[in-house]
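Engineer: Mind folding the following:
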Amino acid sequence: MKFQTGSPHLFLMNRRGSLAGIEKKASTSTQTTDLPPELHRILSRWLCAVIVIFAGCLASAAPALAQRLPELRLTRLADGVFVLRPASSEVSPDNAGFVTHIGVLVDPRGLILVGTGTSQRFAQHLLAFVERELGKPVIAAVNLYGGGDHVLGNRVFVSRGVPVTAHIETDRFIRASCHTCVERLTAALGENMMSGTEPTPASVTFEHSGWLTGVTRRLKLLHYGHTFQPGATALLDEASGTLFAGELAATHYLPDLYNANETGWVAALDALIELGARQVVPAHGAPGGREVLDAPRRYLQQLVERVDALFVGGATLEEALDQVELAEFRDWHGYALWHRRNVHFAYLHRESRAFGPQ
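Structural biologist: Residues are numbered from 1 along each chain as shown. Okay, here's the model as predicted:
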């Protein structure tokens, strides 16, 4: 039966047709009765109410049906080392906020995830996918940095008793600031996609570089102080020589100095280059070799040198903003949005080093 809105007479006719059929069958009995007009009105109102409720249920279900979670694919990098690569670097309802790489490492007892995803719904999707595809349970997860795209799935893992490890400063960031991550992503993805998502701290924290605990595979957590963020970390898989660099590295994706220390970041990239990893997985852009570390280092180093020279020469902040143009990186994702802001932060940091506490 096809319903048409704004036509209550149609529902009344259908209902009356049904009643007429009942009356016809009853004509063989000794007595035939007509329903009173008041009962007709009650039944009509009841039917309309049921239809309104049913239509409301369909309307509320429509967003859920429309917001489909993105397809996930495992790319094998080495024996027991996989990565899930996003299709885009821009957050949108089509990708459910999946814009950064997620690593998957196979341990004798189960799977270790590098990153937990953008929301509770996405984390459930991620968990089911990797366990189905690789035939093992997830036994551990790691947060390399405090970003909504990387840590907002923590609740799903912690609630299952899966330990989530992060540097103590990343854990502090999640506690103090990730409620704003949820707000921003809800505005971008919608309340349905972010339903049930709450900032959830790590269940295991560390302060200095060392081996990931609770697993057999030798995975080294590398922390070099304040870089992209105070707690930003890289993870090295010793067996394959694969380095998950997180936000410390990127391919054709501009470093963002919003919470960063650019001089510390350059020093950290120098240290990571010295490791001689066979392959590097950044947060954004294609995995590769040493060039994945070299490129952001080159940008940051040139930024520091140009700003430093202008500052020493007496240039104002406004002059630095106009004069520090790094053409080599102009086609990188984020350059138009973040480069001038990066110059701003680099200048303020240089000023602080010059006039701050000695």
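
Engineer: biggest strand in the protein by residues?
Structural biologist: If you go by DSSP state E, the chain has its longest strand at strand 242-250.

Engineer: Would you map the helices across the protein?
Structural biologist: 8-26, 37-66, 120-134, 148-151, 154-159, 168-189, 262-275, 291-312, 317-323, 335-355 (DSSP state H).

Engineer: Confidence-wise, which of the ones you listed is weakest overall?
Structural biologist: With a mean of 36, helix 8-26 has the lowest mean pLDDT of the helices of the chain.

Engineer: Pull the contacting residues for residue 240.
Structural biologist: Shown in contact with residue 240 (C-beta atoms under 8 Å, 6 or more residues apart in numbering): 77-81, 278-279. C-beta: built from backbone N, CA, C; applies to glycine.

Engineer: In ChimeraX, how would I select the buried members of those?
Structural biologist: A single ChimeraX command selects the buried members of the contacts of residue 240 (16 or more other C-beta atoms under 10 Å):
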select :77,80,81,279
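
Engineer: could the contacts of residue 240 go into a markdown table alongside distance to residue 152?
Structural biologist: A markdown table is the format used below for the contacts of residue 240 (distance: C-beta to C-beta, whole Å):
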| residue | distance to residue 152 |
| --- | --- |
| 77 | 25 |
| 78 | 28 |
| 79 | 30 |
| 80 | 27 |
| 81 | 24 |
| 278 | 31 |
| 279 | 27 |
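
Engineer: between the contacts of residue 240, which is nearest residue 207?
Structural biologist: When the contacts of residue 240 are compared for distance to residue 207 (C-beta to C-beta), residue 81 wins out at 26.6 Å.

Engineer: how much space between that closest one and residue 211?
Structural biologist: 17 Å (C-beta to C-beta, to the nearest Å).

Engineer: and residue 257, what is it in contact with?
Structural biologist: 338, 341-342, 345-346.

Engineer: Show me which of those residues are buried.
Structural biologist: Buried among these (16+ other C-beta under 10 Å): 338, 342, 345-346.

Engineer: And the furthest pair within those?
Structural biologist: Pairwise distances across those peak at 11.7 Å for 338 and 346 (criterion: C-beta to C-beta).

Engineer: before we move on, back to that, go through the buried ones among the contacts of residue 257 and name the one nearest residue 301.
Structural biologist: Of the buried ones among the contacts of residue 257, the one sitting nearest to residue 301 (C-beta to C-beta) turns out to be residue 346, at 11.2 Å.

Engineer: Let me know whether residue 344 touches residue 321 as I believe.
Structural biologist: Yes: Residue 344 lies in contact with residue 321 (C-beta atoms under 8 Å); the separation is 6.5 Å.

Engineer: wouldn't residue 228 be in contact with residue 262 here?
Structural biologist: No: applying C-beta under 8 Å as the test, residue 228 and residue 262 come out as separate, 9.7 Å apart.

Engineer: picking that back up, distance to residue 149 for the buried ones among the contacts of residue 257 - can I get that in JSON lines?
Structural biologist: Compiled in JSON lines, the buried ones among the contacts of residue 257 are given as follows (distance: C-beta to C-beta, whole Å):
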{"residue": "338", "distance to residue 149": "16"}
{"residue": "342", "distance to residue 149": "20"}
{"residue": "345", "distance to residue 149": "21"}
{"residue": "346", "distance to residue 149": "24"}
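
Engineer: From residue 234, how far out is residue 271?
Structural biologist: When residue 271 is compared with residue 234 (using C-beta to C-beta), they lie 9 Å apart.

Engineer: who has more neighbours, the two?
Structural biologist: residue 234 (29 against 14; other C-beta atoms under 10 Å).

Engineer: show me the contacts for that one.
Structural biologist: Contacts of residue 234 by C-beta under 8 Å, 6+ apart are 144, 221-222, 243-246, 248, 272.

Engineer: Just the pLDDT at the spatially closest residue to residue 168 that is not a sequence neighbour, thanks.
Structural biologist: Of all residues not flanking residue 168 in the chain, residue 205 sits nearest, at 4.5 Å (C-beta to C-beta, 6 or more residues apart in numbering). pLDDT, residue 205: 98.

Engineer: Look up how far residue 141 lies from residue 205.
Structural biologist: 13 Å.

Engineer: re earlier: between residue 228 and residue 262, who's got more neighbours?
Structural biologist: Per other C-beta under 10 Å, whichever of residue 228 and residue 262 has more neighbours is residue 228, with 30 against 23.

Engineer: Give me the nearest residue to the more buried one, chain neighbours excluded.
Structural biologist: Using C-beta to C-beta, 6+ apart, the closest residue to residue 228 is residue 247 (4.3 Å).

Engineer: Am I right that the one you found is in contact with residue 296?
Structural biologist: No: using C-beta under 8 Å, residue 247 is not in contact with residue 296, being 9.6 Å away.

Engineer: Next up, the contacts around the closest residue to residue 124 other than its chain neighbours.
Structural biologist: Distances taken as C-beta to C-beta, 6+ apart put residue 156 closest to residue 124, at 5.6 Å, once the chain neighbours are dropped. Applying C-beta under 8 Å, 6+ apart to residue 156 gives the contacts 116, 120, 123-124, 127.
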